[in-house]
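>>> Need coordinates for the below:
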Amino acid sequence: MITLRSFLIGIICVVAICAVTPYSNHYVDGAYLSSNHLPLGPLFIITILVFVVNSILIRISPKAILSQTELVTIWSMMVLAVSIPSKSFAEYLLPDLVAPYYLATAENEWQDLFHQYIPSWLVPNDNKAIFYFYRGSPVKSIPWRAWEKPLLAWSIYALGLYGMMYCLSVILRKQWIEHEKLTFPLVKLPSEIMKNPEGRSALNSFLKNHSLWIGFAISSLIHIFNGFNANFPHVPRIPMQFSLDPLLTEKPWNAILPLPITIQPSVIGVSYLLTLRVSFSVWFFYLFYKFECFIAELFGFHTPNSPGEFGFTKSFASHQEMGAFVVVTIFLLWKAKGHLKEITKSIFSKMNNPDEPLSYRWALIGLVFSIVLQVILSQFMGMTFGIAVFIALAFGVMSLIFTWQVSSAGILRVDSTFDPMMTLLTILGGRRIGPANFTIDSIQARGFRTDISQLPMPTMMSVFKIYDDLKANKKWISLCFVVTILIALPLSSYFFLSLSYKYGGENLSSWNYRYGPQSAYNALVNRITNPPDPNWSDIGFIFVGGIFTAFIMFMYHRFLWWPFHPIGCTTGSSWGIQQMLFSIFLGWLFKYFIVKYGGLKGYRSAYPIFLGLIFGEYTMGGIWFVIGLFTGKGYKVLPT
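The predicted structure follows:
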């Protein structure tokens, strides 16, 4: 059971996160409190609570310290809230409601091409509100009358999305945590930090482990030097980013560009926690994607980029991963068929499911209701019924796969290489979809579906895992999540709009306020003016990706010697893997040699060192984040 103290501290932390995130992300350009599925902000705050607050409380009384259950409650509220003022709601959505009007020109013809498809209540319908959002308001205040209806509409839509993810997580919790026993690598460090101490110490045995502090020292020393270099350029910098691009300028080698080499201690640490087959498959299949690009260029095949913000990858790779998602979804549902039968029986019985955060009956009702809510709202916005249903269901399936990636394989940052609309375009062609559907989807996708590096569903499932390990009552999780979301949505909107009208979007993050929206709406214009026909070659790649994934999955589950895990088929060409590739390889390499020559004993001995690499990088990221709030100069320890 949660305590009132932990619940109130959790609320205070949620409010603080919502308040400082927009300022740090867009004015300071500092470290993101949440840039992946092990968010920096909550881990740093938990560290402060353990090392500072508990050290003070234990002097009063050993019983006064925050217990493991209380820390988990605070953690749970923070990890859900931290993405809402960032990429899960405010950061992408709110500028995209204003950009179609402020950035419209006679040359780009946005007004003639798609303005008529945007309902007036869906965006701030006031010229001054639009102008001041980008230039700053003379009175530094928010024009609430222009924003009331849009914020209400999009907040309800967000509730539908979050509700769908939460209910899916409840339905799959027992299957993934208890039956399949997925490993959840990303919860290992916070779980260790939050364990109860022994005796009169504020620190538990893990935090007293000398090996932990060796890894901590390595990663923190790097960011001490590089953080000072960002503020004082005469301080030497430890290089952590390299590139092979200058060596690959000639054909056909330029087909594999870009190929960055980035050393990230936390990614090395996380990769050490993965099974060798998983970490090997993640980096191998990204290089296999590059090999495909090389072969295509060598034989003169045209390989266009994916459209819009998915342009970092090739269209054939996006469609191969579509096929992989379909096959993995079918496999996961088939594997859970026994559990799903139990759920079906419990719905028509009087079972209360006491071990679940929500009864299965209410979880299923909530799932249906949240999907229906998304569909109805999308129809009011201007989408046709069939398109709205497909997008809601398809994104639910994608959320499930991304959660599986994080839960089973510890993928630190998930990134999509396609979205539901790209699938529809490939299969149906643009003329059968129409400009109204394209327009509403562009706003929705940019706000919620394009950058899913902070997708809430993996976080929800990770919280369930921590509570399960703690053997705590899960019924209170639902209350914590509901309160967190109802606080975070309005506060995130308020603080983001306050920043925009105080400084003006022209003086803030250029990607979020200008280049990102321009990319999305230029892609929309291209779809409207040049609607493609059904693409049979890309449909073929969907089947190729599906068949290949089915083969990899069959071999993986049939033969212990098979080195490939099917997760590599679903991460293949993603932007996040591109950024983390070399660090994932290093983590795999370290573990391979440690296990080969040191066995299980060697693995366990090195385990705290690699957790220390994560701990040190995140702690220094938090310290530089706080410094940046006061100096106005940011330093990022992790890619955003």
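>>> ok, now which ones touch residue 102?
Neighbour list for residue 102: 130, 131, 133, 134 [criterion: CB atoms under 8 Å, 6 or more residues apart in numbering]. Backbone N, C-alpha and C define where each C-beta goes, glycine included.
>>> Counting only helices, which of the residues you listed make the cut?
Using DSSP state H, the subset of those located in helices is 130, 131, 133, 134.
>>> now that we have those, which one has the most neighbours?
For the ones in helices among the contacts of residue 102, counting by other CB atoms under 10 Å, the largest number of neighbours falls to residue 133: 29 neighbours.
>>> And that residue, how close does it get to residue 102?
7 Å (CB to CB, to the nearest Å).
>>> swap in residue 275?
Residue 275 is 49 Å from residue 102, by CB to CB.
>>> my read is residue 37 is in a helix, agree?
No - applying DSSP: H, G, I helix; E, B strand; the rest coil, one finds residue 37 to be coil, outside a helix.
>>> Under the pLDDT cut-off, which ranges of the protein? List them.
The chain contains residues with pLDDT under 70 at 1, 308, 350-351.
>>> which residues sit against stretch 15-26?
Residues outside stretch 15-26 that contact it (CB under 8 Å, 6+ apart): 30-34, 41, 78, 81-82, 84-86, 90-91, 487-488, 491-492, 495-496, 498-499, 508-509, 512-513, 625, 628-629, 634.
>>> just stretch 374-389 next, same as before
Among residues not part of stretch 374-389, those counted as contacts by CB under 8 Å, 6+ apart are 117-119, 122, 153, 156-157, 160-161, 164, 391-392, 424, 433-434, 436-437, 439-441, 444.
>>> Would you mind writing the ChimeraX command to select the buried ones in those residues?
Buried members of these can be picked out in ChimeraX with the line below, counting by 16 or more other CB atoms under 10 Å:
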select :117,118,122,153,157,160,161,164,391,392,424,433,434,436,437,439,440,441,444
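>>> quick revisit: got the ones in helices among the contacts of residue 102 as CSV, with distance to residue 539 columns?
Formatted as CSV, those follow (distance: CB to CB, whole Å):
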residue, distance to residue 539
130, 41
131, 45
133, 41
134, 41
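>>> ok, these vs residue 248, which is closest?
residue 134 (38.9 Å; CB to CB).
>>> for that closest one, what are its contacts?
Counting by CB under 8 Å, 6+ apart, residue 134 makes contact with 98, 102, 500, 504, 505, 506, 513.
>>> Could you check how far residue 180 is from residue 171?
Taking CB to CB, one finds residue 180 at 14 Å from residue 171.
>>> Those two: which has the busier surroundings?
Taking neighbours as other CB under 10 Å, residue 180 and residue 171 compare with residue 171 leading, 21 against 17.
>>> Buried by neighbour count: which residues of the helix or strand where that one lies qualify?
Assessed by DSSP states H and E, residue 171 sits inside helix 144-173. Under the neighbour-count criterion of 16+ other CB under 10 Å, helix 144-173 has 146-147, 149-151, 153-155, 157-173 buried.
>>> go on, stretch 618-631?
618, 619, 620, 621, 622, 623, 624, 625, 627, 628.
>>> Ok, stretch 578-595 next?
For stretch 578-595, a neighbour-count test (16+ other CB under 10 Å) marks 578-591, 594 as buried.
>>> can you tell me which of the buried residues of stretch 618-631 are in strands?
Judged by DSSP state E, the subset of those located in strands is empty.
>>> Spatially nearest residue to residue 331 (excluding sequence neighbours)?
With sequence-adjacent residues excluded and distances taken as CB to CB, 6 or more residues apart in numbering, residue 331 is closest to residue 553, at 6.0 Å.
>>> Quick check, the one you found in contact with residue 330.
No - distance between residue 553 and residue 330: 9.9 Å, which falls outside the contact criterion (CB atoms under 8 Å).
>>> that older thread, can you add distance to residue 524 and give the buried residues of stretch 618-631 back as CSV?
CSV is the format used below for these (distance: CB to CB, whole Å):
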residue, distance to residue 524
618, 38
619, 42
620, 40
621, 35
622, 38
623, 41
624, 37
625, 35
627, 40
628, 35
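>>> Pick out whichever of these sits closest to residue 304.
Closest to residue 304, out of all of these and judged by CB to CB, is residue 621, at 37.2 Å.
>>> That closest one and residue 637 touch, don't they?
Yes - when contacts are counted by CB under 8 Å, residue 621 is listed as touching residue 637 (3.8 Å).
>>> Can you check which residues contact both of these two?
In terms of CB under 8 Å, 6+ apart, residue 621 and residue 637 are both contacted by the residues 31, 40, 223.
>>> count of neighbours near the second one?
When counting by other CB under 10 Å, one arrives at 25 neighbours for residue 40.
>>> check contacts around it.
31, 32, 33, 34, 618, 621, 622, 625, 637, 638.
>>> Also the first one?
For residue 31, the contact set (CB under 8 Å, 6+ apart) comprises 24, 40, 621, 622, 624, 625, 628, 634, 635, 636, 637, 638.
>>> will you turn the residues you listed into JSON lines that also has distance to residue 111?
Shown next, in JSON lines, are the contacts of residue 31 (distance: CB to CB, whole Å):
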{"residue": "24", "distance to residue 111": "35"}
{"residue": "40", "distance to residue 111": "41"}
{"residue": "621", "distance to residue 111": "43"}
{"residue": "622", "distance to residue 111": "45"}
{"residue": "624", "distance to residue 111": "43"}
{"residue": "625", "distance to residue 111": "40"}
{"residue": "628", "distance to residue 111": "39"}
{"residue": "634", "distance to residue 111": "36"}
{"residue": "635", "distance to residue 111": "41"}
{"residue": "636", "distance to residue 111": "37"}
{"residue": "637", "distance to residue 111": "42"}
{"residue": "638", "distance to residue 111": "39"}
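>>> And those residues, which is closest to residue 456?
residue 40 (16.5 Å).
>>> Could you report the distance from that closest one to residue 440?
Per CB to CB, residue 40 is found 34 Å from residue 440.
>>> And residue 184, by the same measure?
36 Å.
>>> Just say helix, strand or coil for residue 196.
coil.
>>> Skip the chain neighbours and tell me the closest residue to it.
Among residues not flanking residue 196 along the chain, residue 68 sits closest, at 4.6 Å (CB to CB, 6+ apart).
>>> Next: residue 174.
residue 339 (6.3 Å).
>>> and if you look at residue 230?
Residue 230 sits nearest to residue 635 (CB to CB, 6+ apart), 4.3 Å away.
>>> shouldn't that neighbour be in contact with residue 225?
No - contact status for residue 635 versus residue 225: not in contact, 11.1 Å apart, counting by CB under 8 Å.
>>> who has more neighbours, those two?
For residue 635 versus residue 225, the count of surrounding residues by other CB under 10 Å is larger for residue 635: 23 against 14.
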